[in-house]
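J.: no FASTA, just this:
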């Protein structure tokens, strides 16, 4: 399935039943159009409600539903609880494929960018090569 076909399938799926999503992003190799036939599909989902803290429920049910529609493995990342660097990568490299709540999406994007900018000096220092002792 091509990237454009995957985008259409995701849009149809979320338009038919938004699964509690305020926004959905396609990211990773499929979004970059560098996917191999065995690549999974990376989907970032911003939920209206805070996701459950257990390993059950909505994110896994959603991944199963999307896998049936797309025909390949789908990795669903709940953006509400994802680390700041991953959220920023989704915004930088991903594509918005569904918007159920523009206000929630904009708040998420602004908060993510602000957090990433605040963390940048710390990450730069952390990644800086160290001299041997």
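T.: That came through, no problem. Just so you know, these numbers come straight off a predicted model, no measurement behind them. Numbers count the residues shown, from 1 in each chain.
J.: When you work out contacts or count neighbours from here on, use the C-alpha atoms and nothing else.
T.: OK.
J.: Helices of the chain, start to end?
T.: Ranges of helices within the chain are 3-16, 29-32, 58-70, 84-93, 102-127, based on DSSP state H.
J.: pLDDT of the second one, averaged?
T.: The predicted model gives helix 29-32 an average pLDDT of 95.
J.: in it, what's buried?
T.: 29-31 (16 or more other Cα atoms under 10 Å).
J.: out of those residues, which one sits closest to residue 6?
T.: Residue 6 lies nearest to residue 30 out of those, by Cα to Cα, at 8.6 Å.
J.: a markdown table for the helices of the chain, including distance to residue 45?
T.: Shown next, in a markdown table, are the helices of the chain (distance: least, Cα to Cα, whole Å):
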| stretch | distance to residue 45 |
| --- | --- |
| helix 3-16 | 10 |
| helix 29-32 | 15 |
| helix 58-70 | 9 |
| helix 84-93 | 10 |
| helix 102-127 | 10 |
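J.: For residue 46, which of those helices is the nearest?
T.: helix 102-127 (7.6 Å).
J.: Which strands or helices does the closest one pack on?
T.: When contacts are defined as 3 or more Cα pairs under 8 Å, 6 or more residues apart in numbering; DSSP states H and E, helix 102-127 packs onto strand 21-27, helix 84-93.
J.: Single out the most deeply packed of those.
T.: strand 21-27 (a mean of 24; mean count of other Cα atoms under 10 Å).
J.: So what touches it?
T.: 7, 14, 41-48, 90, 93-102, 104-105 (Cα atoms under 8 Å, 6 or more residues apart in numbering).
J.: Nearest residue to the middle of this protein?
T.: Centroid check for the chain by Cα atoms, centre = their mean gives residue 44 as the closest residue, at 1.8 Å.
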